[in-house]
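Enquirer: I'd like to go over a predicted model; first the sequence, then the structure.
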Amino acid sequence: MNITVLAASGATGLELTRQALDRGHTVTAVARNPSRVTVADSDRLTRVAADLRDPDSLARVVPDGSVVLSGLGIAKGEEPGVLTAGARALVRARPERIIWLGALGTGTSAEVAGPVTRTLLRVLLKSELEDKVAADTAVLAAGGTVFHAGPLTNGPLSADRRAHGLADAPRRLLPGRVSRATVAAAMIDEAENRRHVGGTVIPVER
């Protein structure tokens, strides 16, 4: 499979890139500075430059027929609307599919996460919240899949990971932590098995 990883130099993007290569996929790793995509060289890996602040640059680097896995986030100091513009530019590029990483408790998963989490996110995310929700909405409308993860850790890949649709997602007072490695694995699982096309997925660890 041809996979394009957005924000490939970030902590989650590096996991996505590394694990996709380990599974035998061909990977285009997209980053503002491609030299920071610090995974081992491979004849199945291409590093390319694009900048979320120039959304159209994302569309230019996505190969035809590629499944896009996005680890994009909003960097400190970024203006609201950056994520939404990036998601919309990506949709215009018409990749085979988009699998997008969002935050549990926003948009479609707000009800599942519960009132405490919703309140905390309104306080912590502030102006970023609307941007995240709008970006998720653009991806879902295009038939993509959005992963809503709880707080991310740098822990190991869970041997017992689960990926729940909204209907069977666990209800908790506060969202459970989940490692970036586990989230990356669940996103690649979805690229391979297409279980939640057009839906929201909540990855969890036991």
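Expert: Received it, and whenever you're ready, just let me know what you need.
Enquirer: pLDDT below threshold where in the protein?
Expert: 76-77 (pLDDT under 70).
Enquirer: Sketch out the strands for it, chain order is fine.
Expert: 2-6, 26-31, 45-49, 67-70, 97-103, 145-149, 152-153, 162-165, 178-179, 200-204 (DSSP state E).
Enquirer: Any idea which of these gets closest to Ala191?
Expert: Judged by Cβ to Cβ, the one of these that comes nearest to Ala191 is strand 67-70, at 4.9 Å. From N, CA and C alone the C-beta is placed, and that goes for glycine too.
Enquirer: Using PDB, write out every CA atom in that closest one.
Expert: These are the backbone C-alpha positions of strand 67-70, laid out as PDB (Å, rounded to 0.1, in the frame of the first residue of the first chain):
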ATOM      1  CA  VAL A  67      -3.800   6.600   1.800                       C
ATOM      2  CA  VAL A  68      -3.000   9.600   3.900                       C
ATOM      3  CA  LEU A  69      -2.400   9.100   7.700                       C
ATOM      4  CA  SER A  70      -2.300  12.500   9.400                       C
END
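Enquirer: CSV for the strands of the chain, including distance to Leu129?
Expert: Shown next, in CSV, are the strands of the chain (distance: least, Cβ to Cβ, whole Å):
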stretch, distance to Leu129
strand 2-6, 21
strand 26-31, 25
strand 45-49, 29
strand 67-70, 18
strand 97-103, 9
strand 145-149, 13
strand 152-153, 17
strand 162-165, 22
strand 178-179, 20
strand 200-204, 16
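Enquirer: In the chain, what residue spans correspond to helices?
Expert: Assigned by DSSP state H, the helices in the chain fall at 11-22, 55-61, 82-92, 110-113, 115-125, 127-141, 180-193.
Enquirer: Just send the ones you listed back as TSV, with mean neighbour count too.
Expert: Below are these laid out as TSV (neighbours: other Cβ atoms under 10 Å):
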stretch	mean neighbour count
helix 11-22	23
helix 55-61	17
helix 82-92	22
helix 110-113	19
helix 115-125	14
helix 127-141	19
helix 180-193	22
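Enquirer: could these go into CSV alongside distance to Ile74?
Expert: CSV is the format used below for the helices of the chain (distance: least, Cβ to Cβ, whole Å):
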stretch, distance to Ile74
helix 11-22, 13
helix 55-61, 13
helix 82-92, 6
helix 110-113, 18
helix 115-125, 9
helix 127-141, 5
helix 180-193, 17
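Enquirer: who wins for proximity to Val67 among these?
Expert: Taking Cβ to Cβ, helix 180-193 is the member of the helices of the chain nearest to Val67, at 4.9 Å.
Enquirer: which other helices and strands contact the closest one?
Expert: helix 11-22, strand 67-70, strand 97-103, strand 145-149, strand 152-153, strand 162-165, strand 200-204 (3 or more Cβ pairs under 8 Å, 6 or more residues apart in numbering; DSSP states H and E).
Enquirer: Looking at these, spot the one closest to Val123.
Expert: From the helices and strands packed on helix 180-193, taking Cβ to Cβ, the stretch that ends up closest is strand 97-103, at 13.6 Å.
Enquirer: That closest one to helix 180-193, inter-axis angle?
Expert: Using axes from the mean of the first three to the mean of the last three Cα atoms, to 10 degrees, the inter-axis angle of strand 97-103 relative to helix 180-193 is 150 degrees.
Enquirer: No further questions, thank you.
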